[in-house]
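Novice: Predicted model and sequence follow; I will ask about them next.
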Amino acid sequence: MSTSIRTQTIVIEPVTRVEGHGKVTIQVDEQRRVRQARLHIVEFRGFERFIQGRPFWEVPVLVQRLCGICPVSHHLAAAKAMDLIVGAPHLTPTAEKMRRLMHYGQMLQSHALHFFHLCSPDFLFGFDADPAVRNIIGVAKRFPELAVQGVMLRKYGQEVIKATAGKKIHGTGAIPGGVNKNLSIAERDALLKDLDQIMTWSEGALALARDITLKHLDELAGFGSFESNHLSLVRGDGAMDFYHGNLCAIDAKGRPIFDQVDYQRYLDYIAEEVRPWSYMKFPFIRSLGPETGWYRVGPLARVNLCRFIPTPNAETARKEFFEATGGRPNNMTMAYHWARMIELLHAAEVIRDLLHDPDLQGTDLVVRGERRAEAVGLIEAPRGTLVHHYVVNERDQVVRCNLIVSTTNNNTPMNRAVERVAEQYLNGVEITEGLLNRIEVAIRAYDPCLSCATHALGQMPLIVEIVGPDGAVLARRTRDA
Amino acid sequence: MTRRVLVIGYGNPGRLDDGLGPACADALREREIPGVTVDSDYQLTVEDSAAAAAHDTVVFVDAALDGPEPFAWSPTPAASVAGIGTHTLDPGAVIELAHSAFGAHPEGWMLAIRGYEFDEFGERLSPAAQKNLDAALEFLDSWLRAEVARAPGATPPEGGKDRKETR
């Protein structure tokens, strides 16, 4: 005899006109137990089609149209693929270091924005604080020095990007086979001027994330947490490297799943599953299958995976991070913030070292080699592993393109995090302010980019709905924008 | 003494009419109006508050999904932020953050230029949006020249009788 379990669905829907669209549905059975949680993120689609037929050398600029939040990641991932298309697997020292400076500048600004703008309000005011206060303006009113630090760290990262990419919109710094500019002495000196302050603020942000996490470890350890595999790019010697390396994956206990794989063969190791209820695909490790092969990417995965961080202060912080888990990988969702600030400090240290490197003033900017038709560019973007895969025809036109963005790689983990929070905090079918806040907090830990890069005026409020087994809306809640 | 005026045109030029803000900024930059600083970006973010704090007046220029044609002109009072996880700020939040974090009190204005096509990739403006941009530029040019020269304590230049309030 089979029994069917009637379920009800709770829908939490932040509706924005075009700035991305996330919706959470929580399915409960008649006993009000959580059966499943789903995070729906509607991506703007059609980019792969748009890029077809375009000359390959335009691609590193064109792909910045994908996202107004992290255009540099797409710019560099595409440029790395096009390096191979023009037969330049090894760039000149000036070209590679300019790109690294751009990328670590982006990492600094993106992590600073996330921590101070999106995470610190939750940490400083508590998850139950009024959303009208629990935001960056609230932080600025109560902790103005901290808000200024966040703004200025972000601004500094943007200045690094401008100096290396040439401009803020549609930067052109990276081109197939190299870069189109070096760093002038004047640009270098302008960036060096504020560097000591940036280092101090980065250390302070790390201390804040670490101290709050450790102080509230009892509450945070289980919050939206679960064991998972982890995947990232790692340098050949095991060092953390955001720009280049090989693909590595470990399981929740730290055992290798695959190690130092050439990412040109990523399709041999990673597959994507399509599920009917979501526009976003669900990547998984082929050897494990879709049920158990999903993985985390981003700061937590990167810190868990690397054997060391090649800058001294960040390496000290990494060791401290591992002490909290007895040397095992950290599977706490809320540990993303601590890991993110370790990376922020690492980015600041790398920027400091690069600014003192005379190679940045070199004039040998571009190399060319034997042309090929297909290539993969892979980079560790702020939110995690980003894959760009292109096929180019003999007329230099892109004929095929496949992208796996960081937020897609974290698709299943974000669903799991929401499910865990719902299991922990949902009581009946009432969507309390506390539940809503905690779902937001869990999703935010992954820093998903819900933006589709167009944002014109017309934002709408957050809408929450409870839907019964027959599809009827049982309750509805709106948070004004 | 002239007023320090900042214009920020924002949007994604790769998404058709969403590029109205940067297009306006580009055109304005060419006019080289004394006392006016012009910036452009994909979106407004927290560091714009630092730039806003260094000016007396900030004009935000964005594409509008709906609303008056050819454009809407309205004051932008300081406002708080909301939203589940956006990385961007609204103009009012930029003004508020300039005050809360940096202790400055810039006056904010919003120029919302009506656009029509947003849902495709492409680096061009629709003909109707281009027409609206031309009208907005003529208005903004004269308004900025008057604003730069505005004496302390004087009221801001007229916004024009056809300029409706945005939502």
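Specialist: Nice, I can see it.
Novice: got the contact list for the helix or strand hosting A:Pro290?
Specialist: Using DSSP states H and E, the element containing A:Pro290 is helix A:289-292. Residues external to helix A:289-292 that are found in contact with it (CB atoms under 8 Å, 6 or more residues apart in numbering or on different chains): A:Ala271, A:Glu273, A:Phe282, A:Phe284. For the C-beta atoms, the positions are set from N, CA and C on the backbone; glycine is no exception.
Novice: and the residue nearest to A:Leu305 when sequence neighbours are not counted, what are its phi and psi?
Specialist: Using CB to CB, 6 or more residues apart in numbering or on different chains and skipping residues adjacent in sequence, the residue nearest A:Leu305 is A:Ser232, 4.8 Å away. Backbone dihedrals for A:Ser232, given as degrees, to the nearest 10, come out at phi -170, psi 170.
Novice: Tell me what A:Ser232 is bridged to.
Specialist: According to DSSP bridges, A:Cys248 are recorded as the beta-bridge partners of A:Ser232.
Novice: so what's A:Asn330 scoring on pLDDT?
Specialist: According to the model's per-residue confidence, A:Asn330 sits at a pLDDT of 97.
Novice: Can you pull out the low-pLDDT segments for the chain?
Specialist: I'll assume chain A. Per-residue confidence of chain A (counting by pLDDT under 70) places the weak regions at A:1-22, A:41-46, A:67-68, A:279, A:450-481.
Novice: could you do chain B instead?
Specialist: Counting by pLDDT under 70, chain B shows low-confidence ranges at B:81-87, B:160-167.
Novice: Report the central residue of it.
Specialist: By CA atoms, centre = their mean, the mean C-alpha position of chain B lies nearest to B:Phe60, the distance being 1.7 Å.
Novice: correct me, but that one touches B:Ile113?
Specialist: No: with contacts defined as CB atoms under 8 Å, B:Phe60 does not count as touching B:Ile113, sitting 11.1 Å away.
Novice: Which residue ranges of the stretch 351-481 of chain A form strands?
Specialist: Taking DSSP state E, counting those that start in this stretch as the criterion, the stretch 351-481 of chain A contains strands spanning A:374-381, A:384-392, A:398-404, A:462-467, A:473-479.
Novice: got it, and chain B?
Specialist: If you assign secondary structure with DSSP state E, the strands in chain B sit at B:5-10, B:36-41, B:57-64, B:71-75, B:107-114.
Novice: quick one: buried residues of the longest helix belonging to chain B?
Specialist: Here the longest helix in chain B is taken by residue count, with DSSP state H as the criterion, and it is helix B:127-148. Applying a neighbour-count criterion of 16 or more other CB atoms under 10 Å in any protein chain shown, one finds B:Ala129, B:Asn132, B:Leu133, B:Ala136, B:Leu137, B:Phe139, B:Leu140, B:Trp143, B:Leu144, B:Arg145, B:Glu147, B:Val148 buried in helix B:127-148.
Novice: Tell me which residues touch the second one, please.
Specialist: So that's B:Asn132. Residues in contact with B:Asn132 (CB under 8 Å, 6+ apart) are B:Leu20, B:Glu69, B:Pro70, B:Phe71, B:Ile113, B:Arg114, B:Gly115.
Novice: neighbours of the spatially closest residue to it that is not a sequence neighbour, just the number please.
Specialist: Distances taken as CB to CB, 6+ apart put B:Pro70 closest to B:Asn132, at 3.6 Å, once the chain neighbours are dropped. By the criterion of other CB atoms under 10 Å in any protein chain shown, B:Pro70 has 18 neighbours.
Novice: now B:Pro70: how far from A:Glu58?
Specialist: According to CB to CB, to the nearest Å, B:Pro70 stands 32 Å off from A:Glu58.
Novice: and the spatially most central residue of chain A, what does it touch?
Specialist: Note on chain A: the residue nearest the mean C-alpha position is A:Arg383, at 0.8 Å, using CA atoms, centre = their mean. Taking CB under 8 Å, 6+ apart as the contact definition, A:Arg383 lies against A:Cys70, A:Ser110, A:Val297, A:Gly298, A:Ser406, A:Thr407, A:Asn410, A:Tyr446, A:Asp447, A:Pro448, A:Cys449.
Novice: Which members of those are positioned in helices?
Specialist: Secondary structure of these is defined by DSSP H; positions in helices are A:Ser110, A:Ser406, A:Thr407.
Novice: Can you tell me which of these is nearest A:Gln27?
Specialist: Taking CB to CB as the measure, A:Gln27 lies nearest A:Thr407 of those, at 22.5 Å.
Novice: Phi and psi next, for the nearest residue to the closest one once chain neighbours are set aside.
Specialist: Counting by CB to CB, 6+ apart, A:Pro448 is the residue found nearest to A:Thr407 once chain neighbours are left out, at 4.5 Å. For A:Pro448, the backbone dihedrals are phi -70, psi 140 (criterion: degrees, to the nearest 10).
Novice: Look up how far chain A lies from B:Gly21.
Specialist: 9 Å (CB to the nearest CB, to the nearest Å).
Novice: From B:Gly92, how far out is the residue nearest to the centre of chain B?
Specialist: Here the distance between B:Phe60 and B:Gly92 works out to 9 Å (CB to CB).
Novice: what is in contact with those two at once?
Specialist: Residues within reach of B:Phe60 and of B:Gly92 at once, by CB under 8 Å, 6+ apart, are B:Thr76, B:Gly108.
Novice: Count residues in the vicinity of residue 157, would you?
Specialist: Went with chain A since none was named. Neighbour count of A:Gly157, defined by other CB under 10 Å: 27.
Novice: my bad, the chain I had in mind was chain B
Specialist: 15.
Novice: How about A:Leu267?
Specialist: Using other CB under 10 Å, A:Leu267 is surrounded by 14 other residues.
Novice: can you tell me which residues contact it?
Specialist: Applying CB under 8 Å, 6+ apart, we find A:Leu267 in contact with A:His389.
Novice: Can you give the distance from the helix holding A:Pro290 to the centre of its chain?
Specialist: In terms of CA atoms, centre = their mean, to the nearest Å, the centre of helix A:289-292 is found 22 Å from the chain centre.
Novice: One more: stretch A:85-104?
Specialist: 22 Å.
Novice: Equivalent analysis for stretch A:207-227, please.
Specialist: Chain-centre distance of stretch A:207-227: 20 Å, with CA atoms, centre = their mean.
Novice: what about dumping the CA coordinates of it to PDB?
Specialist: Below are the C-alpha coordinates for stretch A:207-227, written out as PDB (Å, rounded to 0.1, in the frame of the first residue of the first chain):
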ATOM      1  CA  ALA A 207      39.500  40.200  13.000                       C
ATOM      2  CA  LEU A 208      35.900  41.300  13.200                       C
ATOM      3  CA  ALA A 209      34.700  38.300  11.100                       C
ATOM      4  CA  ARG A 210      36.800  35.900  13.100                       C
ATOM      5  CA  ASP A 211      35.900  37.200  16.500                       C
ATOM      6  CA  ILE A 212      32.100  37.400  15.900                       C
ATOM      7  CA  THR A 213      32.200  33.900  14.400                       C
ATOM      8  CA  LEU A 214      34.100  32.400  17.300                       C
ATOM      9  CA  LYS A 215      32.000  34.400  19.900                       C
ATOM     10  CA  HIS A 216      28.700  33.000  18.500                       C
ATOM     11  CA  LEU A 217      30.100  29.700  17.400                       C
ATOM     12  CA  ASP A 218      27.400  27.700  19.300                       C
ATOM     13  CA  GLU A 219      24.600  29.500  17.300                       C
ATOM     14  CA  LEU A 220      26.400  29.800  14.000                       C
ATOM     15  CA  ALA A 221      28.000  26.300  13.800                       C
ATOM     16  CA  GLY A 222      24.700  24.600  12.900                       C
ATOM     17  CA  PHE A 223      23.000  27.500  11.200                       C
ATOM     18  CA  GLY A 224      22.100  26.500   7.700                       C
ATOM     19  CA  SER A 225      25.100  24.100   7.800                       C
ATOM     20  CA  PHE A 226      25.600  20.700   6.200                       C
ATOM     21  CA  GLU A 227      28.500  18.600   5.000                       C
END
